[in-house]
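Novice: Mind looking at a prediction? Sequence and model below.
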Amino acid sequence: MGVQDHTINILRELEQNALKLDDSQAQNFIARIRNAKHIFLQGAGRSGIAIRAFANRLLHLGFPVSVVGEISSPHTKSGDLLIIGSGSGETASLKSLAQKAVESGVDVGLVTMKKDSSIGKLASCVLVLPGTVKTENHRQREQFSQPMGSAFEQLCFITYDAIVLELMQQLDETSETMFKRHADFE
């Protein structure tokens, strides 16, 4: 089996997982984004990379956004939204962040594979992406599965872009209007 075969298997796995997405969860998530005064985003590891890309596109759409931990992040206020990307919903640093958000009156949105996780129980909205968390790969040895949560992280990128497309439609945005908000100092 070569790289082309692996690529095709990855795309098939992602397609099967995408077919299980709950659009009502996604629409609720989008409504929370649209109503937030400020959006903070955070993830760890590869999920963190995906959520940073999402933060960038939300900025291009004109939303006030910050990646948690960046020096330019403002103080939180009631009406803000913290979006966390965590496949397991159990990452210790992200659990602590979610708890602090709740205590500060900030809504928490979670993109995860585990709705009933610790962070999921703190979240006001959860978007479940089907997949296998990195500690459960042994459960899928008999069928194709990528290692250590890769499918979740890839589906995050695709789902975040799908949310951006939906927001573009709802807000009457185009690539041209968004490009005006793209960084010009690079």
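Specialist: Structure's in. What do you need?

Novice: Tell me which stretches of this protein form strands.
Specialist: 39-43, 65-67, 81-85, 107-112, 125-128 (DSSP state E).

Novice: got those strands as a markdown table, with mean neighbour count and distance to Lys20 columns?
Specialist: To be clear about C-beta, it is placed using only N, CA and C from the backbone, and glycine gets the same treatment. Formatted as a markdown table, the strands of the chain follow (neighbours: other Cβ atoms under 10 Å; distance: least, Cβ to Cβ, whole Å):
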| stretch | mean neighbour count | distance to Lys20 |
| --- | --- | --- |
| strand 39-43 | 24 | 21 |
| strand 65-67 | 20 | 28 |
| strand 81-85 | 28 | 18 |
| strand 107-112 | 25 | 14 |
| strand 125-128 | 22 | 9 |
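
Novice: May I see those strands organised as TSV, with distance to Leu14 and mean pLDDT added?
Specialist: Converted to TSV, these look like this (distance: least, Cβ to Cβ, whole Å; pLDDT from 0 to 100):
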stretch	distance to Leu14	mean pLDDT
strand 39-43	19	98
strand 65-67	25	98
strand 81-85	16	98
strand 107-112	15	98
strand 125-128	15	98
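
Novice: can I get those strands in a markdown table with distance to Glu15?
Specialist: Output for the strands of the chain, formatted as a markdown table (distance: least, Cβ to Cβ, whole Å):
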| stretch | distance to Glu15 |
| --- | --- |
| strand 39-43 | 23 |
| strand 65-67 | 29 |
| strand 81-85 | 21 |
| strand 107-112 | 19 |
| strand 125-128 | 17 |
